[in-house]
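Colleague: please work out how this folds:
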Amino acid sequence: MTKRTFFWAFLTLFVSTLSAQTIYDVTTFGAKGDGVTDDAAPIQQAIDRCSSEGGGRVLLPRNHTFMAGPVELKSNVELHLEATATLKANPDEGIYRLSAFGDNRGEGMLWLWAKDAQNISITGRGTIHGNGIAFMGKELDDSYELKPLKDPAFDPRPHVLTLTNVEGVTIRDVTIREGAYWTVHLIGCDEAVIDGIQLLNNLKIRNGDGIDLDHSKNVRISNCHITSGDDCICLKNRREFEQYGSCHDIVVTNCVMSSRSCAIKIGSENMDSIYNVLFDNCIITASNRGLGIQNRDEGTVTDVTFSNIQMDCRLWSDVWWGKAEPIYVTSYPRANGNHKDANWRFPKGQIEGRCGEVSRIYFNHITATSPNGCFIGGDVPGKVNDIFFNNVRINLTRGQAPCVIDKRPCRGEGFISVDASELLKGKVPLVTENFEIIDN
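Modeller: Below is the predicted model:
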């Protein structure tokens, strides 16, 4: 062997040693992967060992279905699902006891979760399955009924993945299916990358949000396919997590989405500020509403850009908010006591809310086909301001019947009826309330 050959062989071995990752195969910890046995305990043991020993990869090997109840993810752990491996939620409602919203136990429980951690990854070509239909009631034409709750303040449906105050999140390549409630919920997270995932929820499951960014910052979402019975991607600031501050510096690009509610939404919960947000180069298909800013609390929404987006909107059902508005920018005070968790929607000790400013919102190079027009409105003049349309083209497919705009959830009347001829007066079919058109 020559000196040069020896050197390169040594260097290759050295680099391989440095990059080697400790593997923790869950089957060596006793996981059966037979789709019947609850494997939560051995999966948790593998995660705990991996984290305590400095980190590595917890492996769910191929050709197995690992049914599991709640599992806590921990720092420096990569949960890796090989192709044909499935992690599936246990359908037993009785085992989900940790609330997804802290003291508010009326909006679902935790399944896969982490809190106060760092460097958590979920990767691989396998599948995370929320087993959503198992938690539903009767199937209707447009949706599944929600099961009656024994206690209105306790909803046992599990959220798929909830990460709270995690610094350094990577979710890449996996398929996530059929959440029973919210699917990916990042709360107070910093430096998150979601890339190349398929998030395929059942379109009939209510509250089935795709990705919710809640008080989170420095987040990049790209190259994803998302179908959702509720919002596909939603930015918000929930009151339960006010200690984590504002939601900002968010980029979403190269995604394809379909929603029975609003494909891309900001709000309605926003008690802080949402700013510096870019949605670019996306396609939205067969969605009840396309691009929505639905501010219903005292927080503000500023400096948001939507660009290079193609949409197909259609009216699906009254089960969800929206009347197929392709673009929807609003700020109205939230209705009082109109929801089981209304006590969590207002500042502590108050029974009425208020709404904050929405301004400097840019729509560039947007095309849409829809039976309805766009809507921009606020409770008082100036509340919504500086909304700019540049090369926005809406192909209106409705006839001459009156159109209806949906303002819910809001105080007072939730709908506006407009003659179809009003939509055709400007370059863009647009209905406004307390908003002065600058450039249409």
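
Colleague: what's the next secondary structure element after the longest strand along the chain?
Modeller: Looking across the chain with DSSP state E, the single longest strand is strand 104-124. Sequence order places strand 127-129 as the next helix or strand after strand 104-124, per DSSP states H and E.

Colleague: so what strands line up beside that next one?
Modeller: Take DSSP bridges as the rule and strand 127-129 pairs in its sheet with strand 86-89 (parallel), strand 175-177 (parallel).

Colleague: and the helix or strand following it, what's buried?
Modeller: Later in the chain than strand 127-129, the nearest helix or strand by DSSP H and E is strand 158-172. By 16 or more other C-beta atoms under 10 Å, the buried positions in strand 158-172 come out as 158-169, 171. Backbone N, C-alpha and C define where each C-beta goes, glycine included.

Colleague: for the residue lying closest to residue 319 once chain neighbours are set aside, give me phi and psi.
Modeller: In this structure, residue 319 finds its nearest non-sequential neighbour in residue 143, 4.9 Å apart by C-beta to C-beta, 6 or more residues apart in numbering. When read as degrees, to the nearest 10, the backbone of residue 143 gives phi -170, psi 180.

Colleague: per-residue confidence at residue 143?
Modeller: Residue 143 carries a pLDDT value of 96.

Colleague: quick one: contacts for it?
Modeller: 204-206, 229, 260, 317, 319 (C-beta atoms under 8 Å, 6 or more residues apart in numbering).

Colleague: quick revisit: most packed of the strands paired with strand 127-129?
Modeller: strand 86-89 (a mean of 24; mean count of other C-beta atoms under 10 Å).

Colleague: just put the buried residues of strand 158-172 in JSON lines and tack on distance to residue 284 and pLDDT.
Modeller: JSON lines is the format used below for the buried residues of strand 158-172 (distance: C-beta to C-beta, whole Å; pLDDT from 0 to 100):
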{"residue": "158", "distance to residue 284": "28", "pLDDT": "98"}
{"residue": "159", "distance to residue 284": "24", "pLDDT": "98"}
{"residue": "160", "distance to residue 284": "22", "pLDDT": "98"}
{"residue": "161", "distance to residue 284": "23", "pLDDT": "99"}
{"residue": "162", "distance to residue 284": "26", "pLDDT": "98"}
{"residue": "163", "distance to residue 284": "26", "pLDDT": "99"}
{"residue": "164", "distance to residue 284": "29", "pLDDT": "98"}
{"residue": "165", "distance to residue 284": "31", "pLDDT": "98"}
{"residue": "166", "distance to residue 284": "29", "pLDDT": "99"}
{"residue": "167", "distance to residue 284": "31", "pLDDT": "98"}
{"residue": "168", "distance to residue 284": "30", "pLDDT": "98"}
{"residue": "169", "distance to residue 284": "25", "pLDDT": "98"}
{"residue": "171", "distance to residue 284": "21", "pLDDT": "99"}
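
Colleague: so which of the residues you listed comes closest to residue 252?
Modeller: residue 171 (13.7 Å; C-beta to C-beta).

Colleague: pretty sure the closest one is touching residue 197, no?
Modeller: Yes. At 6.0 Å, residue 171 counts as touching residue 197 under the criterion of C-beta atoms under 8 Å.

Colleague: picking that back up, just checking, what packs against the longest strand of the chain?
Modeller: For strand 104-124, the elements it packs on are strand 71-72, strand 77-81, strand 99-101, strand 158-172, judged by 3 or more C-beta pairs under 8 Å, 6 or more residues apart in numbering; DSSP states H and E.

Colleague: try 6 Å
Modeller: Counting contacts by 3 or more C-beta pairs under 6 Å, 6 or more residues apart in numbering; DSSP states H and E, strand 104-124 packs against strand 77-81, strand 99-101, strand 158-172.

Colleague: can you list these in CSV and add distance to residue 225?
Modeller: Output for these, formatted as CSV (distance: least, C-beta to C-beta, whole Å):
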stretch, distance to residue 225
strand 77-81, 17
strand 99-101, 24
strand 158-172, 14
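
Colleague: figure out which of those is closest to residue 407.
Modeller: Between the helices and strands packed on strand 104-124, strand 99-101 lies closest to residue 407; by C-beta to C-beta that is 25.4 Å.

Colleague: buried set for the closest one?
Modeller: Those would be 99-101, for strand 99-101 by 16+ other C-beta under 10 Å.

Colleague: and which of the contacts of residue 143 is nearest to residue 421?
Modeller: Nearest to residue 421 among the contacts of residue 143 is residue 317, at 26.9 Å by C-beta to C-beta.

Colleague: can you show me the helices along this structure?
Modeller: Assigned by DSSP state H, the helices in the chain fall at 3-19, 40-52.

Colleague: pick out the shakiest of those, pLDDT-wise.
Modeller: Minimum mean pLDDT among the helices of the chain: helix 3-19, a mean of 47.

Colleague: so what pairs up with residue 79 in the strands?
Modeller: Here residue 79, judged by DSSP bridges, has bridge partners residue 58, residue 122.

Colleague: just give me the neighbour total for it.
Modeller: A count of nearby residues for residue 79, using other C-beta atoms under 10 Å, gives 27.

Colleague: with adjacent residues omitted, what lies nearest to residue 391?
Modeller: residue 365 (4.9 Å).

Colleague: for the one you found, what are its contacts?
Modeller: Residues in contact with residue 365 (C-beta atoms under 6 Å, 6 or more residues apart in numbering) are 307-308, 391.

Colleague: swap the cut-off to 10 Å and go again
Modeller: 280-281, 306-310, 390-393 (C-beta atoms under 10 Å, 6 or more residues apart in numbering).

Colleague: likewise residue 187?
Modeller: 100-102, 115, 162-166, 212-216, 236-238, 240-241, 244.

Colleague: swap the cut-off to 8 Å and go again
Modeller: Contacts of residue 187 by C-beta under 8 Å, 6+ apart are 162-165, 214-216, 238, 241, 244.

Colleague: for residue 159, see how far away it is.
Modeller: 11 Å (C-beta to C-beta, to the nearest Å).

Colleague: ditto for residue 332
Modeller: 27 Å.

Colleague: do residue 135 as well
Modeller: Taken as C-beta to C-beta, the span from residue 135 to residue 159 is 11 Å.

Colleague: any common contacting residues for those two?
Modeller: residue 180.

Colleague: burial count for residue 71?
Modeller: 22.

Colleague: I'd say it and residue 112 touch.
Modeller: Yes. Residue 71 is within contact range of residue 112, at 5.4 Å (criterion: C-beta under 8 Å).

Colleague: show the low-confidence segments of the chain, by residue range.
Modeller: 1-19, 337-343, 399-402, 438-440 (pLDDT under 70).
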